[in-house]
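# kindly return the folded structure for what I paste below:
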Amino acid sequence: MCAPSAAPPAATPAFDPAALRFDANGLIPAIAQDHATGEVLMLAWMNAESVARTLDTGRVTYWSRSRAAFWVKGESSGHVQRLVELRVDCDRDCLLVLVDQTGPACHTNRRSCFYTAVREGAEVEIMAPLE
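As a prediction, this is how the structure comes out:
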């Protein structure tokens, strides 16, 4: 005799970027992290549309505050960030963008924008630019 079938799983609600908690400028901080190593690569900003574009295309898209325009990471440099997973923090006011990073993430040609440490009261560069 066959075992009774289990109840179907409950439907997962669709993600709505508009349900995030954006600041007064309509922006939310987004921390890019290498999905394989856990290395923090950079922090940038997103708005609801850049979140939606990232999810639609798989290419991480930020909002450039200085240019007031969308910025697809790697569009001009070739240092592409491919979305692996988007995570929302508990307050819904910050994003963690797990990426597959091609080349350096920082415009200074370093793997990470966090290449300076404060050690014993002094700033110390802990990461050289990539060759």
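
# rest of the way, CA atoms for contacts and neighbours
Will do.

# please name the residues that touch the one residue sitting closest to the centre of the chain.
For the chain, V97 is the residue whose C-alpha lies nearest the centre (Cα atoms, centre = their mean; 2.8 Å). Counting by Cα atoms under 8 Å, 6 or more residues apart in numbering, V97 touches A30, I31, A32, Q33, L83, V84, E85, L86, R87.

# helix or strand for it, which one?
Following DSSP states H and E, one finds V97 within strand 95-101.

# which element is encountered next along the chain beyond that strand?
Towards the C-terminus, the helix or strand next in line after strand 95-101, according to DSSP H and E, is strand 116-119.

# where does pLDDT dip in this structure?
1-9 (pLDDT under 70).

# apply 50 and report the result again.
By pLDDT under 50, the chain has no low-scoring segment.

# can you pull out the strands in it?
28-34, 40-46, 61-64, 69-72, 81-88, 95-101, 116-119, 122-125 (DSSP state E).

# what's in contact with the fourth one?
Put plainly, it is strand 69-72. Contacts for strand 69-72 (Cα under 8 Å, 6+ apart): S50, R59, V60, T61, Y62, W63, S64.

# count of neighbours near R111?
22 (other Cα atoms under 10 Å).

# would you confirm that it contacts L130?
Yes - with contact defined as Cα atoms under 8 Å, R111 counts as touching L130 (7.2 Å).

# joint contacts of those two?
Both R111 and L130 are contacted by P104, under the criterion Cα under 8 Å, 6+ apart.

# who touches the closest residue to G103 other than its chain neighbours in this structure?
Nearest residue to G103 in three dimensions, chain neighbours excluded: H79, at 4.9 Å (Cα to Cα, 6 or more residues apart in numbering). Counting by Cα under 8 Å, 6+ apart, H79 makes contact with K73, Q101, T102, G103, P104, A105.
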